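Engineer: Got a predicted structure plus its sequence, pasted below:
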Amino acid sequence: GAGVSQTPSNKVTEKGKYVELRCDPISGHTALYWYRQSLGQGPEFLIYFQGTGAADDSGLPNDRFFAVRPEGSVSTLKIQRTERGDSAVYLCASSIRDTTRNEQFFGPGTRLTVL
Amino acid sequence: AQKITQTQPGMFVQEKEAVTLDCTYDTSDQSYGLFWYKQPSSGEMIFLIYQGSYDEQNATEGRYSLNFQKARKSANLVISASQLGDSAMYFCAMREGPNFGNEKLTFGTGTRLTIIP
């Protein structure tokens, strides 16, 4: 079946601009996660949705970052007034939460470059 | 203190040999889960293996096994009979708390594994 998809695969923007990154989870997966991976680092947690609501947004670095999942499926990560330090790969993952291990399935990521 | 520590930035291993990738973790929770993910150059994170803190047996998935030493807080990944396709970044990750409570994963900095023909 189809995996997690993310669009766009690459996004180049200028400092101060607004960007939206989209994530399509695996069909039927109720949980959705956003992570950010900087060069040479492991992914860092940003936010987690269970259904339509954000169950944990403790990883969002500041109020320029916001994410929504209005219908409990597709999610959009929104970044306002982008800064060069926002440049990273943004990873989305989903899980079905029906097993003990509850592993997360990741998408290919969106590479964001802020000039 | 780092929650997940991977001390090997890079490793080179001859094809068909076994390889052990180190991971130590730090948590005060009694209930937690440990994961290993593989990230090829394409960028996608691929789940490999899971070990729950209450699991008495070491986890195994095909050529992957997890050497879980709870008292030492280590969860090393063992890959048997390495193949060229195993060349990738490998990340250890932890989920703290009950399985369906705190769901976020905390990742280490990764180990880049290169298999030599």
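Structural biologist: Right, received. Where do you want to start?
Engineer: which stretches of chain B have low pLDDT?
Structural biologist: B:1, B:99-101 (pLDDT under 70).
Engineer: Do you have the strands of it handy? List them.
Structural biologist: Listed in chain order, the strands found in chain B under DSSP state E are B:4-5, B:10-14, B:19-21, B:24-25, B:32-39, B:46-52, B:60-61, B:64-69, B:74-79, B:88-96, B:106-107, B:111-116.
Engineer: helix or strand for the residue in chain A that chain B sits nearest to, which one?
Structural biologist: Nearest residue of chain A to chain B: A:Gly42, at 3.1 Å (Cβ to the nearest Cβ). C-beta: built from backbone N, CA, C; applies to glycine. A:Gly42 is part of no helix or strand when elements are defined by DSSP states H and E.
Engineer: Out of the helices and strands in chain A, which is least certain?
Structural biologist: The weakest-scoring helix or strand in chain A, judged by mean pLDDT, DSSP states H and E, is strand A:53-56 (a mean of 92).
Engineer: Contacts for the helix or strand that it is followed by, please.
Structural biologist: Going down the chain from strand A:53-56, the next helix or strand is strand A:65-68, by DSSP H and E. When contacts are defined by Cβ atoms under 8 Å, 6 or more residues apart in numbering or on different chains, strand A:65-68 is touched by residues A:34, A:46-47, A:49, A:54, A:57, A:60, A:75-80.
Engineer: try 7 Å this time
Structural biologist: A:34, A:46-47, A:54, A:75-79 (Cβ atoms under 7 Å, 6 or more residues apart in numbering or on different chains).
Engineer: can you check stretch A:22-31 too?
Structural biologist: Taking Cβ under 7 Å, 6+ apart as the rule, stretch A:22-31 contacts A:2-7, A:32, A:48-51, A:73-76, A:92, A:94-97, A:105, A:107, B:103.
Engineer: do the same with stretch B:15-32
Structural biologist: If you take Cβ under 7 Å, 6+ apart as the criterion, stretch B:15-32 is touched by B:1-8, B:11, B:13, B:34, B:53, B:73-84, B:90, B:92, B:94-98, B:108, B:111, B:113, B:115-117.
Engineer: any low-confidence regions in chain A?
Structural biologist: A:1.
Engineer: For the spatially most central residue of it, give its distance to A:Ile47.
Structural biologist: For chain A, the residue nearest the mean C-alpha position is A:Trp34 (3.1 Å; Cα atoms, centre = their mean). Distance, A:Trp34 to A:Ile47, by Cβ to Cβ, to the nearest Å: 5 Å.
Engineer: One more: A:Val74?
Structural biologist: 15 Å.
Engineer: Also B:Gln51?
Structural biologist: Distance of B:Gln51 to A:Ile47, computed by Cβ to Cβ: 26 Å.
Engineer: swap in A:Arg69?
Structural biologist: Distance, A:Arg69 to A:Ile47, using Cβ to Cβ: 9 Å.
Engineer: ok, now A:Phe65?
Structural biologist: 8 Å.
Engineer: which one of these two has more residues nearby?
Structural biologist: Ranked by neighbour count (other Cβ atoms under 10 Å in any protein chain shown), A:Phe65 and A:Ile47 place A:Ile47 first, with 22 against 18.
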